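*Asks:* how does the following fold in three dimensions:
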Amino acid sequence: MSSEKMYLEDFYVGQKIELGSFSFSEEEILEFANRFDPQPFHVQPEAARESVFGGLIASGWHTCSQMMRLMCDNLLARVDSMGSPGCDELRWLKPVRPGDQIRTEMVVTAVRASASKPDRGFMSSDWNAWNQHGEKVVSIKAVGMYGCRPKSDKQA
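*Replies:* Residues are numbered from 1 along each chain as shown. Reported below is the predicted structural model:
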């Protein structure tokens with residue numbers, strides 16, 4: 001993708017956008033979870049070993065926060081983004097553990113102009129994340145609102 005400003009018209013169904021990757025240290029997992037999701041398998045390594053997970057895991061919200069950061073840095077920073085009316089589905093499919101390398105991708109599933117506001121439209125997309133073993137760890141079905149290309153920018 002180019003570094004030029006992007007608008008709703010620049011997206012199409014089936015388009016795949018690599019968003020990058022991230023990993024977590026045990027320290028980052030503990031810091032986030034102690035602040036936002038202090039369940040024992042996120043904040044107590046000993047208790048986590050005795051849990052159904054068999055060890056410390058990142059909060060799903062932490063994983064989603066990292067995915068959102070990649071989305072902002074690698075796509076939304078260059079798109080006329082107007083926010084989001086929400087997500088339709090979020091699934092935490094596999095635990096994310098300290099040291100896991102997570103790769104993320106977005107696939108466009110629908111693009112439609114707004115029926116009531118001609119300056120914008122909606123893009124539906126699937127966000128997915130895989131660990132270093134190729135196992136899908138998170139899936140999100142999201143909707144974003146994006147500006148349409150201004151008339152002065154449209155090609156004749």
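
*Asks:* every contact and neighbour count from this point should use C-alpha atoms.
*Replies:* OK.

*Asks:* using CSV, list the CA coordinates for the helix or strand harbouring R112.
*Replies:* Using DSSP states H and E, R112 sits within strand 101-113. C-alpha atoms of strand 101-113 as CSV (Å, rounded to 0.1, in the frame of the first residue of the first chain):
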residue,chain,number,x,y,z
GLN,A,101,5.4,-13.8,18.4
ILE,A,102,2.0,-12.7,17.2
ARG,A,103,1.4,-11.8,13.5
THR,A,104,-1.7,-9.8,12.6
GLU,A,105,-3.7,-9.3,9.4
MET,A,106,-6.9,-7.6,8.4
VAL,A,107,-9.2,-8.8,5.5
VAL,A,108,-11.9,-6.6,4.1
THR,A,109,-15.2,-8.4,4.0
ALA,A,110,-17.6,-5.6,2.9
VAL,A,111,-17.5,-1.9,1.8
ARG,A,112,-20.6,0.3,1.5
ALA,A,113,-21.3,3.9,1.3
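
*Asks:* next SSE downstream of it?
*Replies:* Counting by DSSP H and E, what follows strand 101-113 is strand 120-130.

*Asks:* ok, residues contacting that next one?
*Replies:* 8, 11, 67, 102-114, 136-148 (C-alpha atoms under 8 Å, 6 or more residues apart in numbering).

*Asks:* which of the residues you listed are buried?
*Replies:* Buried members of those, counted by 16 or more other C-alpha atoms under 10 Å: 8, 11, 67, 102-111, 113, 136-148.

*Asks:* average pLDDT across stretch 103-119?
*Replies:* Stretch 103-119 shows a mean pLDDT of 97.

*Asks:* can you check stretch 27-46 too?
*Replies:* Mean predicted confidence for stretch 27-46 is 97.
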